[in-house]
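J.: I'd like to go over a predicted model; first the sequence, then the structure.
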Amino acid sequence: MRSTLAFSLLSFWSISVDAYANPLTCTGVCTNAHDPALIRRDDGTYFRFSTGGKIAIHSAPSITGPWTYKGAAIPAGSKIDKAGKNDLWAPDVTKVGNTYYLYYSVSSFGSQDSAIGVATSTNLDVNSWADLGATGVASSSGKAYNAIDGNLLIDGSDYYMSFGSFWNDLYQVKMASPPIKVVSGSASSQIAYVPSGTHAQEAAFLYKYGSYYYLFFSVGSCCGYDANRPAAGAEYKIKVCRSSTATGNFVSLACFYTAGYD
């Protein structure tokens, strides 16, 4: 479940550790924004990609709006032949060179039969996306991870995909150049893990700031609040840990790490 935004992270560092920034006002279509991924095009136009509607696209002249629905990024559904190919989740959008890469998840709720796909565009607009299908990041019953919630990090000439949800939490794998496939023979390594409870880490977002790599992720009880409330401290929330390298070890009171490979 995507829950962090690339271009807004820099503002976090100006906030003291015991204070919170006031949320910005949103205008226009602001409710269709589950698992949002935001990016600003070179002409200043903002684009928001979100779960549902075969990856819904909204655009706005400002980060606060007014947001306008434009259509589906992948209107024909994914080429990946799995349950959920017409109900795509957790988009992540990154520009590499002159091309935008849209990563998305194909799965069904609670299932480990999952895969991360990719589509490309040169301008972000509706009807410009070419679905390339599978990236090679996939899972099935018995795997240590669930292959959803992909996020791409560009680290110099290297590309890393972070992903995962529940099971043994967050993993990472090296991507080829261009970043449409996993590097041949590359194994997925565990980058964060809560060893107790339901292992409820997901939605990795890896971001470099200064000399550190910051791993943001969602953790806690995410769903069913209409029926039951989680215990204090178990609420769904965003936490962060950091490392001096893109591949770990990530360290913080908010991050639990144990090494492992698939």
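T.: Great, that's in hand.

J.: And the one helix or strand in the chain whose mean pLDDT sits lowest, what does it pack against?
T.: When each helix and strand of the chain is scored by mean pLDDT, DSSP states H and E, strand 237-243 comes last, with a mean of 91. Other helices and strands packing on strand 237-243, by 3 or more Cβ pairs under 8 Å, 6 or more residues apart in numbering; DSSP states H and E, are strand 212-219. For the C-beta atoms, the positions are set from N, CA and C on the backbone; glycine is no exception.

J.: Tell me the buried residues in the least confident helix or strand of the chain?
T.: Neighbour-count burial for strand 237-243, counted by 16 or more other Cβ atoms under 10 Å, picks out 239, 240, 241, 242, 243.

J.: ok, the third one to residue 208 distance?
T.: This means residue 241. Counting by Cβ to Cβ, to the nearest Å, the separation of residue 241 from residue 208 is 14 Å.

J.: any common contacting residues for the two?
T.: Residues touching both residue 241 and residue 208 (Cβ atoms under 8 Å, 6 or more residues apart in numbering): residue 214.

J.: Residue 238 against residue 215, yeah?
T.: No - look at residue 238 against residue 215 with Cβ atoms under 8 Å: they stay out of range, at 11.0 Å.

J.: Tell me the confidence at the closest residue to residue 218 other than its chain neighbours?
T.: For residue 218, ignoring the flanking residues on the chain, the nearest one in space by Cβ to Cβ, 6 or more residues apart in numbering is residue 203 at 4.3 Å. Residue 203 is assigned a predicted lDDT (pLDDT) of 93.

J.: Please report how far residue 203 lies from residue 220.
T.: 11 Å.

J.: Ok, residue 131 next?
T.: Distance from residue 131 to residue 220, counting by Cβ to Cβ: 33 Å.

J.: Looking only at neighbour counts, state which of residue 203 and residue 220 leads.
T.: Remark: of residue 203 and residue 220, residue 203 carries more neighbours, 26 against 19, as counted by other Cβ atoms under 10 Å.

J.: Surely that one forms part of a strand?
T.: Yes - per DSSP: H, G, I helix; E, B strand; the rest coil, residue 203 lies within a strand segment.

J.: For burial, what's the neighbour tally of residue 42?
T.: Counted by other Cβ under 10 Å, the residues lying close to residue 42 total 7.

J.: Is it in a helix, a strand, or coil?
T.: Assigned with three-state DSSP, residue 42 falls in the coil class.

J.: ok, now which ones touch it?
T.: By Cβ under 8 Å, 6+ apart, the contact list for residue 42 is empty.

J.: What does the pLDDT read for it?
T.: Note on residue 42: pLDDT of 96.

J.: next one: the one 4 residues further on
T.: Residue 46 is assigned 98 on the pLDDT scale.

J.: And residue 262, by the same measure?
T.: Residue 262 is assigned 43 on the pLDDT scale.
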